[in-house]
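Novice: Here's my sequence, what's the structure:
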Amino acid sequence: MAQIVLGLGTSHGPQLLMPPEMWELRAQADRQNPQHWFRGAPYTFPELAALRKRNGFGERITPAAMRAHYDRCQGAIAAIADVYQSAAPDLAVIIGNDQSEIFTEENIPAFSVFWGEAIENFPQSAEAVAKLPPGIAPAEAGYRPATRTAYPCHSGLGKHLIASLMAEGFDVAQSRRLPVGPHGTNAAPHAFGYVFRQVMRDKVVPHVPVLVNTHYPPNRPSAKRCFDFGRAITRAIRSWPGEERIAVIGSGGLTHYVIDEEFDRAVLDAMESGNAQAVAAIDEAMLASGGTAEIKNWIPVFGAMAEAGIRMKVIDYVPCYRSEAGTGNAMAFAYWRP
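Specialist: Sure, this is the predicted structure:
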């Protein structure tokens, strides 16, 4: 029987991958965004700034404050990578999302499992980079290798996960080749590229990519569905006939593009205390922002670890503000070890 030796949850935002002096580029994009979701309601940037004026975000976006937040994040990234290295898994199940990178409006599955032999990652073309939103291009190297690289997947485990999940009532989509997305490439989505480069430090073990539709209604799975999905993943791993040591990794979150520390801390506290009922009951209105809904990449890991009886340990939680309206990305880093 295979053994789960590690669970990881990690943020993957661009603010982790470029110096804080460049965070203003993302703030510029925030000011241009006509709709910011905060606690279930949409706001323009000026409306959001007025609503949250009393929070005093000005002191959070000074150069010194942003540098301190960035440095804390770099320490947490190193700690996550060290935990991964010390666990030394043979295989991994990586749970992430797609942001119109490989899926198109022709088909966006709620859950999808890849069971091909490998997936590729490579730099975008200069033309594609030029079209990226402000502040995204400087982070690209943190998600993508310098040259075209094939990362090994584990076809057998992927096929086994699909069969086991189907038997438990999860009608998952399957893929043996990543589709060509709206930008004309089939490179690994950034949720996975981040894990390859920052967590695994480019030493990628055979793995199974699992995609959750966190961004695009109307078929986004609920928090409860994601939790149950994670529990089913552990049961599938336990029924795998191999003897491998397996890690389950979730990539994304927490609140963005509007940071909500109260909500983030409630979610992390529930996970750390093992409160499955609270996690499963997260209000969908709080996850209206696709960015914040990346918490649903963590929830299957929490479900998998709850099924395995393993408790979570938070390394750090860093709300990385970048504007006077409280926009930014709240970064979190945690692990589960037996």
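Novice: can you confirm residue 249 is in a strand?
Specialist: Yes: counting by DSSP: H, G, I helix; E, B strand; the rest coil, residue 249 is found in a strand.
Novice: Provide a list of residues in contact with residue 216.
Specialist: By CB atoms under 8 Å, 6 or more residues apart in numbering, the contact list for residue 216 reads 108, 290. The way it works is simple: take the backbone N, C-alpha and C, and place the C-beta from them, glycine included.
Novice: do the same with the one 5 residues further on
Specialist: If you count contacts by CB under 8 Å, 6+ apart, residue 221 has them with 110, 111, 212, 213, 229, 296.
Novice: Equivalent analysis for residue 334, please.
Specialist: Residue 334 makes contact with 8, 9, 10, 268, 271, 272, 312, 313, 314, 315 under the criterion CB under 8 Å, 6+ apart.
Novice: for residue 30, same thing?
Specialist: Per CB under 8 Å, 6+ apart, neighbours of residue 30: 36, 45, 257, 322, 323, 325, 327.
Novice: Test my guess that the second one contacts residue 28.
Specialist: No: Residue 45 lies out of contact with residue 28 (CB atoms under 8 Å); the separation is 10.6 Å.
Novice: out of these two, which sits in the busier spot?
Specialist: residue 45 (20 against 15; other CB atoms under 10 Å).
Novice: Now do the same contact list for the more buried one.
Specialist: Residue 45 neighbours (CB under 8 Å, 6+ apart): 30, 31, 32, 33, 36, 323, 325, 327.
Novice: now that we're looking at it, how far away is residue 218 from it?
Specialist: Distance, residue 45 to residue 218, by CB to CB, to the nearest Å: 27 Å.
Novice: same thing with residue 293?
Specialist: Taking CB to CB, one finds residue 293 at 13 Å from residue 218.
Novice: Have a look at these two and say which one is more surrounded.
Specialist: residue 293 (28 against 4).
Novice: Tell me the confidence at the more buried one?
Specialist: Here, the pLDDT recorded for residue 293 equals 95.
Novice: Looks to me like it is in a helix.
Specialist: Yes: Residue 293 forms part of a helix when assessed by three-state DSSP.
Novice: Provide the secondary structure category for the residue of the chain most remote from its centre.
Specialist: In the chain, the residue that sits farthest from the middle, by CA atoms, centre = their mean, is residue 54; the gap is 30.4 Å. Secondary structure assignment for residue 54 (three-state DSSP): helix.
Novice: Tell me who's in contact with it.
Specialist: Counting by CB under 8 Å, 6+ apart, residue 54 has no contacts.
Novice: Distance check, it against residue 292.
Specialist: Remark: distance between residue 54 and residue 292 (CB to CB) = 22 Å.
Novice: same check, this time on residue 8
Specialist: Separation of residue 8 from residue 292 (CB to CB) stands at 20 Å.
Novice: what's the nearest residue to residue 300 if we skip its chain neighbours?
Specialist: Residue nearest to residue 300 in three dimensions, not counting chain neighbours: residue 230, with 3.3 Å by CB to CB, 6 or more residues apart in numbering.
Novice: helix/strand/coil for the one you found?
Specialist: Judged by three-state DSSP, the three-state class of residue 230 is helix.
Novice: Just confirm it contacts residue 301, I think it does.
Specialist: Yes: Residue 230 is within contact range of residue 301, at 6.1 Å (criterion: CB under 8 Å).
Novice: okay, those two: which has more neighbours?
Specialist: When residue 230 and residue 301 are compared for neighbours, residue 301 comes out ahead with 31 against 26, by other CB under 10 Å.
Novice: Quick check, that one in contact with residue 6.
Specialist: No: using CB under 8 Å as the test, residue 301 is too far from residue 6 to be in contact (10.0 Å).
Novice: which neighbours do those two share?
Specialist: Counting by CB under 8 Å, 6+ apart, the contacts common to residue 301 and residue 6 are 248, 249, 336.
Novice: In the residues you listed, which residue is surrounded by the most others?
Specialist: Ranking those using other CB under 10 Å puts residue 248 first, with 30 neighbours.
Novice: which stretches of this structure form helices?
Specialist: For the chain, applying DSSP state H gives helices covering 23-32, 45-51, 63-87, 126-130, 140-143, 155-167, 190-194, 223-238, 261-273, 276-280, 295-308.
Novice: helices and strands of this structure: which one bottoms out on pLDDT?
Specialist: helix 126-130 (a mean of 82; mean pLDDT, DSSP states H and E).
Novice: Now do the buried residues in that one.
Specialist: By 16 or more other CB atoms under 10 Å, helix 126-130 has no buried positions at all.
Novice: Which residues does it contact?
Specialist: Identification of contacts with helix 126-130 by CB under 8 Å, 6+ apart yields 137, 140, 183, 184, 185.
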